[in-house]
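Engineer: need the 3D shape of this:
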Amino acid sequence: MSKDLVLDVAGLTVGYGDIGVLYDVGLTAWSGSVTAVFGANGAGKTTLLSAIAGLIPSRSGTVTLNGTDITKKRAHVRAAAGIGSVQEGKRVFHKRTVEENLRLGGYTLPRSERKAALDKAYDRFPVLADRRTAKAGSLSGGQQQMLAIAQALMPRPQVLLLDEPSAGLAPIIVTELLNSIAVLKSEGMAIVLVEQLIGQAMTVTDHVVALQQGRVVIDSPASEVDGDRLHAAYLGEPIRAGAR
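Structural biologist: Numbering: from 1, shown residues only. Model prediction:
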């Protein structure tokens, strides 16, 4: 199956006030592929996803979705155009039921398409179908993360941004989560994954971007990544020259 370029980020520079966070950062996300973003705490990974989603402005650079420049578009416009985002921390509406959360995620869909999107969410995550009338706050951490992902998928985005989806989850739940990501990839979804668990994430990753102090130090197909360089980037250590 041929892969199409869905997301193209080029020369992105972002900061807060006088403090720079990202410098000339680029990445691509292709249909049916996972682009993983690794780096030490404070490297700028979450800021990168937030800038792509339009939650924070960029100082320079471009964000292009399916060939359309959306750099100046606000977050809700980017979401409607096809950017789905799951922020760190299992952000769901705790006092609403599972089904209410999903319906809120799909509120931009035409009424005629909402039931099909809901059925698809339950097919992807059967545990949510079993708990559809339960309050989201009563779910386990892993179930809440799956609900957050299912909610982001309701409007059928072209690219899915995942920020630390494994945070706080038991190892067996992390495995289930990665299996779900693999299924989404097989369905043709373009995914940008920020993750601390490098070994586990690499099992579903096609391309690696590593950040160090807001700059790209690795940009390589996963199969060609130099393990020593990746480990150094994760620890925030100086990157030796000459390897990818």
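Engineer: show me what the helix ranked longest in the chain is packed against.
Structural biologist: Looking across the chain with DSSP state H, the single longest helix is helix 171-186. If you count contacts as 3 or more Cβ pairs under 8 Å, 6 or more residues apart in numbering; DSSP states H and E, helix 171-186 packs onto strand 33-39, helix 111-124, helix 141-153, strand 190-194, helix 198-201. Placement of C-beta: from N, CA and C, glycine included.
Engineer: excluding chain neighbours, what is closest to I218?
Structural biologist: A210 (3.7 Å; Cβ to Cβ, 6 or more residues apart in numbering).
Engineer: could you do L118 as well?
Structural biologist: That would be L102: by Cβ to Cβ, 6+ apart, it lies 5.8 Å from L118.
Engineer: G227 versus the one you found, what's the distance?
Structural biologist: 40 Å (Cβ to Cβ, to the nearest Å).
Engineer: what do you get for K115?
Structural biologist: From K115 to G227 the distance is 47 Å (Cβ to Cβ).
Engineer: and the helices in the protein?
Structural biologist: So, for the chain - with DSSP H - the helices run 45-53, 75-81, 98-105, 111-124, 126-130, 141-153, 171-186, 198-201, 227-235.
Engineer: can you show me the CA trace of the first one as CSV?
Structural biologist: It stands for helix 45-53. Provided in CSV are the C-alpha atoms of helix 45-53 (Å, rounded to 0.1, in the frame of the first residue of the first chain):
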residue,chain,number,x,y,z
LYS,A,45,8.4,17.4,22.6
THR,A,46,5.0,18.5,24.1
THR,A,47,5.6,22.0,22.8
LEU,A,48,6.0,20.6,19.3
LEU,A,49,2.7,18.7,19.4
SER,A,50,1.0,21.8,20.9
ALA,A,51,2.3,24.0,18.0
ILE,A,52,1.2,21.5,15.4
ALA,A,53,-2.3,21.4,16.9
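Engineer: of the helices of the chain, which is nearest W30?
Structural biologist: helix 171-186 (10.2 Å; Cβ to Cβ).
Engineer: thinking again about what came up before, between the helices and strands packed on helix 171-186, which one is closest to P171.
Structural biologist: Nearest to P171, of these and by Cβ to Cβ, is helix 198-201 at 8.5 Å.
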